[in-house]
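Peer 1: Just the structure for this:
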Amino acid sequence: MMRYIVFLFLLLFSVPQSQAGINVSHYYSQRDTAGTTTSGGSAALSVLSNVNTSGSSLIVVAVHSYGVATAPTLTDNQGNSYGAGQLAASADAPSSGPRLRVWYIYGNGIGSATHTFSVTTSAPGFRTIYVVTATGTMFTADPKDQVTTSSIVGMPNPSVTPSQDNELVLSFVTSSPNAVAPTLSGSFTLMNSWGFLSSGSFLGADAYLIQTAASTATPVFNYSGVNSAAATISFKAAPSNNTSNFFNLLLR
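Peer 2: Got it, this is the predicted structure:
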């Protein structure tokens, strides 16, 4: 009898852990435009309203802004913190080009309400805000896995190699001063893309990839920018325990 119990115990804990599926549920972006009161190259504040975060386990907010202005600060209408502990990536382009900052928050229920995000810098800001919401990511522990940043003259395409299968990989890029919006090659999916807007905002784009098997992921943004900053970040999937399925099998 004891041998049978030990056998069941070993078998139970050898059951593999499957991964819940990640889904990019929503993505948004808004850039500064010249001559507006709450959003513009000459203003100090940018606001992105009515972001649908329903059911999200992960919210990622990226901001690029002018390098001669103060570094951006981020707040939302739900009282979430966006400080050093929530900063996933930071990169400053050469020669006072655009700055890039990426924050993230995670948890079960963080997407229970519509969010409004506000970004403040000194003027001129030349800001663009990107928001990506996802479900199926790890939320009982920090989901952030791998991060690579790049600040160069040219086109940075930073790679990451996730440590686990089924991860979400996000990439953000900003540059100046080409007015033509970036395009994308390879396996990533382009979400938003903006060209440089005089007296408004810098060139920028974001993209995502959901991997099944962990391998090196390289976004290939195509544009003719000069001073550039980019970041690529991977986030772990939420584990799904097969224990209940195992017991159901035993009871058949």
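Peer 1: show me the contacts for Lys48.
Peer 2: Slight slip there: residue 48 is Leu, not Lys. By C-beta atoms under 8 Å, 6 or more residues apart in numbering, the residues touching Leu48 are Tyr28, Ser29, Gln30, Thr116, Phe117, Ile129, Val131. For glycine as for every other residue, the C-beta is placed from the backbone atoms N, C-alpha and C.
Peer 1: Any idea what it is bridged to?
Peer 2: With DSSP bridges as the criterion, Leu48 is bridged to Phe117.
Peer 1: one step back: buried subset of the contacts of Leu48 as a ChimeraX selection?
Peer 2: Those of these that count as buried under 16 or more other C-beta atoms under 10 Å are selected in ChimeraX with:
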select :28,29,30,117,129,131
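Peer 1: Taking the contacts of Leu48, tell me the two that lie furthest apart.
Peer 2: Using C-beta to C-beta, the contacts of Leu48 reach their maximum pairwise distance at Ser29 and Thr116, which is 14.6 Å.
Peer 1: Next up, the contacts around Gln30.
Peer 2: Going by C-beta under 8 Å, 6+ apart, the list of residues near Gln30 reads Ser39, Ser46, Val47, Leu48, Thr128, Ile129.
Peer 1: 6 Å instead, please
Peer 2: Listed by C-beta atoms under 6 Å, 6 or more residues apart in numbering, the contact set of Gln30 reads Leu48, Ile129.
Peer 1: can you confirm it is in a helix?
Peer 2: No: residue state for Gln30 (DSSP: H, G, I helix; E, B strand; the rest coil) corresponds to strand; a helix is not indicated.
Peer 1: What residues are bridge-paired with it?
Peer 2: So, taking DSSP bridges as the rule, Gln30 has Ile129 as bridge partners.
Peer 1: how close does it get to Asn157?
Peer 2: Per C-beta to C-beta, to the nearest Å, Gln30 is found 25 Å from Asn157.
Peer 1: which regions of the protein sit below the pLDDT cut-off?
Peer 2: 1-20, 34-43, 241-252 (pLDDT under 70).
Peer 1: Quick check: which element contains the residue nearest the centre of it?
Peer 2: Centroid-nearest residue in the chain, with C-alpha atoms, centre = their mean: Val60, separated by 4.3 Å. Taking DSSP states H and E as the definition, Val60 sits inside strand 58-65.
Peer 1: Going by neighbour count, which residues of the helix or strand just after that strand are buried?
Peer 2: Downstream of strand 58-65, the first helix or strand assigned by DSSP H and E is strand 73-76. For strand 73-76, the neighbour count (16+ other C-beta under 10 Å) marks Leu74, Asp76 as buried.
Peer 1: next one: stretch 96-116
Peer 2: Using 16+ other C-beta under 10 Å as the test for burial, stretch 96-116 gives 97-106, 110-111, 115.
Peer 1: next one: stretch 148-158
Peer 2: Buried-residue list, stretch 148-158, by 16+ other C-beta under 10 Å: Thr148, Thr149, Ser150, Ser151, Ile152, Met155, Pro156, Asn157, Pro158.
Peer 1: For that stretch, C-alpha coordinates in CSV please.
Peer 2: C-alpha atoms of stretch 148-158 as CSV (Å, rounded to 0.1, in the frame of the first residue of the first chain):
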residue,chain,number,x,y,z
THR,A,148,17.7,44.5,-23.9
THR,A,149,18.0,48.2,-24.7
SER,A,150,20.0,50.1,-27.4
SER,A,151,20.9,53.7,-28.0
ILE,A,152,22.7,54.3,-31.2
VAL,A,153,23.1,56.4,-34.4
GLY,A,154,21.2,54.3,-36.8
MET,A,155,18.5,51.6,-36.5
PRO,A,156,18.6,49.6,-33.3
ASN,A,157,16.9,46.2,-33.2
PRO,A,158,17.6,44.8,-29.8
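Peer 1: Done for today, thanks.
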